[in-house]
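Participant: Sharing a model prediction with you, sequence too.
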Amino acid sequence: MGSLIALLKQYRSELTAVILLMVAVFLMLAVRTGTVTMHSVRGVIIDMVSPIQSLILSPRDAFYGARSWWTGIENLTLENQALRLQLQTLKAERIRTQSLAQENLRLRNLLNMPPKPGFIRLSARVRGESSSAFARSIILDAGTIDGLRRELAVVTPDGLVGRVAHVSQHGALVLTLLDINSRVPVLIQRSRVRGIIAGNNGSSLQMTYVAKGTDVAVEDMIVTSGTGGIFPKGLLVGRVAAIDRGGIDLYQKVTVKPAVRFELLEEVSLLVPEDPERFATAERLAIADDLSQSGGGQP
Amino acid sequence: MITQRLLASLSTPWMPAITVFIGVIIQEMALPWQGWSVMRPDFSLIILIYWRLYRPDHAGPLLAFSSGLALDALAGTPLMGLTAASRLLIVMGIGHFGNRLRAAEFLVIATAITLLAFLERGSHWLLLGSVQGFDARLSALLMQPVATALLSPLVITLLISIHKTLLENDVGTHGMEDMEMRSTLQSDMNGQGRE
């Protein structure tokens, strides 16, 4: 017994390493990243790291704030003049828009369709970005305490960023469109052809399930289709960069350039449906609407 | 003064772990530079290798495993535990071959760090490829080890400074003893040369 203990003490480090290696292998084989336990594990780690990252980045934020304040003052006079001119034009535009909105409402009532559901917009700063070459995710500094939850759409003024995959009290992990595990139902704005946007861990996106012979052209705008229950309809995803119609596949290979520059993200907005049930109803109507416009047959 | 000493004595054994986790946090930070996205150095790997070489008593398998797991969680790695496993293997490897490396010149250590960074990324690529396909950011895959190699002198200089200021009095089984032995050997050789 004594010799066994002595042996264990002698090879303590090796033994620990072997046990931990077995734990790591078990985690890889048995634990799926989407389970509740894994969400909480990731949540705890994100919660621990997020405040420290904020602290480290605070000088940068202060510097950026001061710089933008200074630039703002410099440009204020010029901007003021430009805005005055713009205001004159917009007054006329506003009247036109108001009449169009009224017309839209009238037509919606006529079709007995509910208006597009409202979303509460939450803002968050990007604190972390995946250093891995095999995943494209970002970490936000807002969590459940700020009203975030899983499966919320993350956007910027340029377009769609991704969706919240894991959320903790003070942080959230966002799966960006570029991630290999990201799938977003989309449609081509011009022709209403449907497809799925998939990431490949690179800098471009692939639009899949676009049948050969369907109307797709380079520079076509890709927007979310509103199906799937996560993304509202009409969010800009990107533009068609290349189309490969060759090969014996049933589908075309459509490469899409994302609208958002993922490596330069600093702040994002999160779209929280005001009434999730209403959102689901609108989503069902969106499917019916698009199927009727595209003539059906698309996924 | 007593409080300072007490704090220093309490934090000293944790210094390798603290620096490794600071490395993890910094490398997972988002900076709005395109270069950072591609050429991001693996700080935690450099720090882990350094402490495993020179203070193995404070940088064991548990530190390698926990830092790897933290990286997996923060980077959103599809296979949780992948980096933890590779870091464990690196630490175990250094445990076996570290004696030779510890006495080597800095250039050899830097080359070893680069090689280990490439090996780690390569093994991840092969393993993840079998699970989710071989799509990866090739630019990051190739450039990150290069960035790690380029920044390793700076990081190691910083670690030597931390080592000398905080862990000099806390001489472990390896590390500073070896350093002292090397410096004695060096001075002896210089003395013989002069004679």
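Facilitator: On my side now, so go ahead.
Participant: Give me the phi and psi for the residue nearest to A:Lys212 when sequence neighbours are not counted.
Facilitator: The shortest distance from A:Lys212 to any residue that is not its chain neighbour, by Cβ to Cβ, 6 or more residues apart in numbering or on different chains, is 5.5 Å, and that residue is A:Gln252. To be clear about C-beta, it is placed using only N, CA and C from the backbone, and glycine gets the same treatment. Backbone torsions for A:Gln252, taken as degrees, to the nearest 10, come to phi -80, psi 150.
Participant: What ranges does the stretch 51-200 of chain A have for its strands?
Facilitator: Remark: strands of the stretch 51-200 of chain A, listed N- to C-terminal, are A:119-129, A:137-140, A:153-156, A:159-167, A:172-176, A:183-188, A:194-199; assignment by DSSP state E, counting those that start in this stretch.
Participant: will you turn those strands into TSV that also has mean neighbour count?
Facilitator: Shown next, in TSV, are the strands of the stretch 51-200 of chain A (neighbours: other Cβ atoms under 10 Å in any protein chain shown):
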stretch	mean neighbour count
strand A:119-129	19
strand A:137-140	26
strand A:153-156	23
strand A:159-167	24
strand A:172-176	27
strand A:183-188	23
strand A:194-199	22
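Participant: Which among the ones you listed is found nearest to A:Leu78?
Facilitator: strand A:153-156 (25.4 Å; Cβ to Cβ).
Participant: Mind listing the strands that closest one pairs with, and their directions?
Facilitator: Using DSSP bridges, the strands paired with strand A:153-156 are strand A:159-167 (antiparallel), strand A:267-273 (antiparallel).
Participant: Next, the angle strand A:194-199 makes with the longest one.
Facilitator: Orientation note: strand A:159-167 sits at an angle of 70 degrees relative to strand A:194-199 (axes from the mean of the first three to the mean of the last three Cα atoms, to 10 degrees).
Participant: Then the last one?
Facilitator: Put simply, strand A:267-273 runs at 140 degrees to strand A:194-199, going by the same axes, to 10 degrees.
Participant: Identify the residues contacting stretch A:47-62?
Facilitator: A:125, A:127-128, A:139, A:141, A:143, A:168-171, B:24-26, B:28-29, B:31, B:70, B:74 (Cβ atoms under 8 Å, 6 or more residues apart in numbering or on different chains).
Participant: Let's see that with 10 Å instead.
Facilitator: The list of residues contacting stretch A:47-62 from outside it, by Cβ atoms under 10 Å, 6 or more residues apart in numbering or on different chains, reads A:46, A:64, A:125-128, A:139-143, A:168-172, A:266, B:21-22, B:24-26, B:28-32, B:70, B:73-74.
Participant: do stretch A:80-94 as well
Facilitator: With contacts defined as Cβ under 10 Å, 6+ apart, stretch A:80-94 is touched by A:75, A:79, A:97.
Participant: The residue nearest to A:Lys212: neighbour count?
Facilitator: The criterion is other Cβ atoms under 10 Å in any protein chain shown. On that basis, A:Gln252 has 21 neighbouring residues.
Participant: That one bridge partners, please.
Facilitator: A:Gln252 has the following beta-bridge partners by DSSP bridges: A:Val210.
Participant: Quick check: it touching A:Ala217?
Facilitator: No - distance between A:Gln252 and A:Ala217: 11.3 Å, which falls outside the contact criterion (Cβ atoms under 10 Å).
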